[in-house]
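Chemist: Below are the sequence and a predicted model for it; my questions follow.
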Number of protein chains: 2
Amino acid sequence: MKSIILAGGSGSRLWPLSRDMYPKQLLSLDENTSLLQQTFKRLQNFCSPSDIVTVTNVKHYSDIKLQLNKLDKLNVVIAEPLGKNTAPAIACTLEYFNQKSSEDIVLIVPSDHLIKNTEAFCKTVEEGQKLAQQGYIVTFGIKPTYPETGYGYIKISNKLETGYKVEKFVEKPDFETAERYLESGNFYWNGGIFMSKISVLLDEFKKYVPEIYNNIEQLDYSKETKIKYGIYEQMPSISIDYAIMEKSDKIALVELQSDWNDLGSWQSLYSVKPKDEHGNVIEGKVITENVKNSFIYSQKEVVACSDLENVVIVETEDAIMACRLDKSQNVKKLYEKLKSQESDTTKLHKTVFRPWGYYTCMNEGEGYLTKTICVLPKQKLSIQSHNYRSEHWVVLEGKALVIKDDKEYYLNAGDSIDIPVKAKHSLQNPYDKELKIIEVQKGDYISEDDIIRYQDCYGRV
Amino acid sequence: MKSIILAGGSGSRLWPLSRDMYPKQLLSLDENTSLLQQTFKRLQNFCSPSDIVTVTNVKHYSDIKLQLNKLDKLNVVIAEPLGKNTAPAIACTLEYFNQKSSEDIVLIVPSDHLIKNTEAFCKTVEEGQKLAQQGYIVTFGIKPTYPETGYGYIKISNKLETGYKVEKFVEKPDFETAERYLESGNFYWNGGIFMSKISVLLDEFKKYVPEIYNNIEQLDYSKETKIKYGIYEQMPSISIDYAIMEKSDKIALVELQSDWNDLGSWQSLYSVKPKDEHGNVIEGKVITENVKNSFIYSQKEVVACSDLENVVIVETEDAIMACRLDKSQNVKKLYEKLKSQESDTTKLHKTVFRPWGYYTCMNEGEGYLTKTICVLPKQKLSIQSHNYRSEHWVVLEGKALVIKDDKEYYLNAGDSIDIPVKAKHSLQNPYDKELKIIEVQKGDYISEDDIIRYQDCYGRV
C-alpha cells in the first residue's frame, strides 16, 4: 500500500502558535511529536517509509523534511511551487506512484488531524481496503456527535460489504440542517481521508478534471521531487471534494472506528486536552484565580488571569491572542487583519528552527539586527558569506569552532570574533553541549536572503 | 504654606504596569508626566519647590528624586528606611518643617491620585486654609456618586464657615451600608487629603500617639534626609486615619471641588480614559474584533482580541495580565500569588530606568547575562569596576566614549571592547544622539550589587 500525506495547510486557525511559515502540522500540540510526525508514524503501520509521500508547499519543504528525517530518512516529500488546493497536489503525487505501479492502493490523509487510537484506525483501513480493491473510492466518514456547522457532510445510501455507497457530498450546513442530518443517521462528517486504487482515482481525474490530468504526465520525478512552476501554475486551484468526490459515482464510505479531531480551532484543541478541576487547560507559566472552562497557554512570559470563564489566551514571544473559547474560529479574522497589515506575527515565529539548531531575533534597528543563536551538539552552519553585512559573535554558553577565511578559531564562553563583509565563514559546534552565541549583524542591507552558501551538510547550497 | 507628598505606595493594584520597585506614582498613566510629577506641579500653585517635601521608602528614593529633579531641583525627598504606613511618615516630615516654623499650614496629599481640575482644587485649598488657621485639622471629602465599598467614609455634623465639623470616620462599609450613606447626604469619601497647622497636628501626635511623637525629636535633617533605621524601626506601623483622624475632636471637612480618582484599580483607570465607539480603551499594538467595554493595553508585542466584553488585558515585557474589568481589584490577589512565588515580575520591570538612560535584560544563563543599554545624549555611567564579572560591549547605534583603566576609546556602531574583571571603566555618550549597546556580562557571580563606584555625576558613589 502507498500513502499520501497532505501537508499544504496554512497557519491561521491556531494563530499565534501556528504561522504562515510554521503551520499546524508542524506543531507538537499534544505529545512531543508533531501532528505531521504522528501521522507519518500511524501510516508506518501499513506502508514502508519510502511509500509514504508527503506533499507540501515548497516554503515548508525544509521544515517538513527536517521533522520526517528524524523518523526515517527514506521518507519522500514532494514540493508544490505554489498552493493550488488538494486536487492538483493529490494528482501529482498519484503520478509519482503511477510511474512505478498503478494497481496499488493509496491512502490519502491530512497531516494535521489528531487520531489517538491507531488500532481502530488500522481496522478502518483494512475495511476500506476491501472496497478499494473492488474499484471504489473510499472515504472515511466520521459519525457526527453534535450538529457541527463547520464541516462538510456525506450522505450514505445502500449498504456494502464493509460500508455504504455514497449518495452525495454536501457543503457545510446551517444549524437547523445540521440538526436534521444528525437525527437522520444517514449523514457522516467528511474528514478528508480517502483510499482507492491509484488507477481508479487517476481515471476519475482524467474524466472529471482533464485540465489537471493532462499536466501531470509532464512530471519527471527522476531527478528531484520539487514540481516545476511551469507545470503547476497552469492547474486550476480546486479541492479533491469539488473536483472528484462530488461527481464520481464510485464513492463508498466506511465509518472511521477511531477517535478523530481536526484541531481546526482553539476550542477543538481544548476539547482533546486534559482539564483541571475548574475545567481549565493550563500550559506554561500561568497563574489563575477564579478562572473556569478556559485555555490559558504561556510560551515564555508569566500569564496571570482572574475572574474569567470560557476564554482562550495564548502568549507567544511576539504576539498575544485572547478570545472567547466557544468563538475561537474567529481567530482567523484576527489573523487576516494582521496579515493585511503585513504583521510579521502572521509569518514567522520569533524563534526560527533550522537543521543545525535555532535562532531568535532580539533587537532590530537602523543598520543592525541582533540574534541569539543556538547550535546543537555536533552541528554546524553552512560555509557562507554576506555581501552587505558584517557580523560580530560573542559566545555565551558552550564552545565554538569558527572558520573564517579558511582559518580555524576556537572560542570559549565570553570570547568574541568579527566576521567582515564578504569573509567566508562558518559557525560550528563539534562538542557535546549546546553552543549559544549572540550575533550582531551590521550593514545597510540586512536580510536572510543576503547569504551565499559554499558548503552545507544539510543540502542547502 | 508647606506640603507633604505621601509617596510610599506599593505596586500591586496596577500590576503588571506597576511593580514593587516602580509603583503607581511613578507611572505616566494619563499624560507624559507621572502621577507624582502631576501632584508636585499642582502643589507648586501654593508652595515654593523647597517647601514641597516628598516622603517615600528608601528603595524608591532614586526614582522619585530623578522624576522630581526634572521639575525643580530644589525639591526635598525624605526616605523612610522601611514602610510603616502613613502616620510615622507624616510625623517625621512634620518634624522637618517644625525645625523651621511650626505655625505654617501644611497640606498633606497622596502622590498617586488623579486630579485634573487644578483651579477647583486650589479653590478647595483656600477654603481649607481658613479652617486650618482656626485650629482645625481639615480633611478634603469627596462627594460620593455611587455606593462604593472600597473607600472609607467620613460623617459630617455642624456647618462651619467653609465646611463642616466631622462627626466620625468610618471604615469601608458593605454595599447596603454604602447605599444608606449615599442617600443620607451626610457622608463623604475619605480621599486622604488633609491640611492643618503644623503645631496643631504635632500636638495631636503627642496626645494620641506618643510612641511616634517621642521618636521624632531625635531626627536630624541637618546632614541628610534619609531617616535612620534605629529611629524608625521602633515606631508602630499605623495609618494617620487610625492614629489621629478617628480620635481627634478637631477634625473639619471641606468638600473637594475638583474631580478626583484614586486610580486604585484598572477599572478606575479605565473610567478616566477616553473610549472608542465600542466603549474600549485601546493602547499600543492592539487589534480587536467584536470587543466591547474593555481595556486592552500593549506595551511591546501585538495583542489581538476577539469576542470579549468587560475585560482588561495588559501586556508588558515580562508579564501578561487578563481579568474581568469590573473585578479588577482582584489583580491584587494575582500579585500576591506571584509574590509568594518570588516572581521577578512583581519586583522590577524588564526595562529599568537610571539617571543616564535605561537597560533591558535580555538573556540570562549559567555564568552570563546580556543587556541592551541605552545611554541618553550627554549622559554617562559612573566610573566603576566589578570584582566578579567581565563585560563585553558591542555598539549598536550612536557612538560611545569608553574609559578603561584611564585610557579613552572611541567606538562606532559595530565596534566592540572587552572590560576585564576589576578594570575601572565608564560608558559615556558625549554626543547628541542616543547610544545603544549590547552588554554581555560573564562571571560566576553576576548581580547588580557587584559594582564599585569611583565617580558618579548623579551622586551615587
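Modeler: Nice, I can see it.

Chemist: Not counting sequence-adjacent ones, nearest residue to residue A:438?
Modeler: Once flanking residues are discounted, residue A:438 sits nearest to residue A:394: 4.7 Å by CB to CB, 6 or more residues apart in numbering or on different chains. Glycine gets a C-beta too; all of them are placed from N, C-alpha and C.

Chemist: nope, residue A:409 is what I meant
Modeler: residue A:402 (4.4 Å).

Chemist: For the one you found, name its beta-bridge partners.
Modeler: Beta bridges link residue A:402 to residue A:409, residue A:427, judged by DSSP bridges.

Chemist: Pretty sure it sits against residue A:430.
Modeler: No. Using CB atoms under 8 Å, residue A:402 is not in contact with residue A:430, being 11.2 Å away.

Chemist: rewinding a little: what residues does the residue nearest to residue A:438 make contact with?
Modeler: Neighbour list for residue A:394: A:414-416, A:437-438, A:440, B:392, B:394, B:416, B:438, B:440 [criterion: CB atoms under 8 Å, 6 or more residues apart in numbering or on different chains].

Chemist: redo that, cut-off 10 Å
Modeler: A:411, A:413-417, A:436-440, B:368, B:370, B:392-394, B:416, B:418, B:438-440, B:442 (CB atoms under 10 Å, 6 or more residues apart in numbering or on different chains).

Chemist: Now, the residues you listed that are in strands?
Modeler: A:411, A:416-417, A:436-440, B:368, B:370, B:392-394, B:416, B:418, B:438-440, B:442 (DSSP state E).

Chemist: Just give me the neighbour total for residue A:32.
Modeler: By other CB atoms under 10 Å in any protein chain shown, the residues close to residue A:32 number 6.

Chemist: Alpha carbons only: can I get stretch A:91-99 in PDB?
Modeler: Provided in PDB are the C-alpha atoms of stretch A:91-99 (Å, rounded to 0.1, in the frame of the first residue of the first chain):
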ATOM      1  CA  ALA A  91      -2.900  14.200  -8.800                       C
ATOM      2  CA  CYS A  92       0.800  15.000  -8.900                       C
ATOM      3  CA  THR A  93       1.500  12.600  -6.000                       C
ATOM      4  CA  LEU A  94      -0.500   9.800  -7.600                       C
ATOM      5  CA  GLU A  95       1.600  10.300 -10.700                       C
ATOM      6  CA  TYR A  96       4.700   9.800  -8.600                       C
ATOM      7  CA  PHE A  97       3.400   6.300  -7.600                       C
ATOM      8  CA  ASN A  98       1.900   5.600 -11.000                       C
ATOM      9  CA  GLN A  99       5.300   5.800 -12.500                       C
END
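
Chemist: mind giving me the domain split of chain A?
Modeler: Split into domains by automatic domain parsing, chain A comes to A:2-255, A:266-337, A:350-455.

Chemist: Make a markdown table out of those domains and add mean pLDDT and distance to residue B:247.
Modeler: Formatted as a markdown table, these follow (pLDDT from 0 to 100; distance: least, CB to CB, whole Å):
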| stretch | mean pLDDT | distance to residue B:247 |
| --- | --- | --- |
| domain A:2-255 | 94 | 57 |
| domain A:266-337 | 97 | 37 |
| domain A:350-455 | 95 | 57 |
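
Chemist: how about these, which one is nearest residue B:326?
Modeler: domain A:266-337 (8.7 Å; CB to CB).
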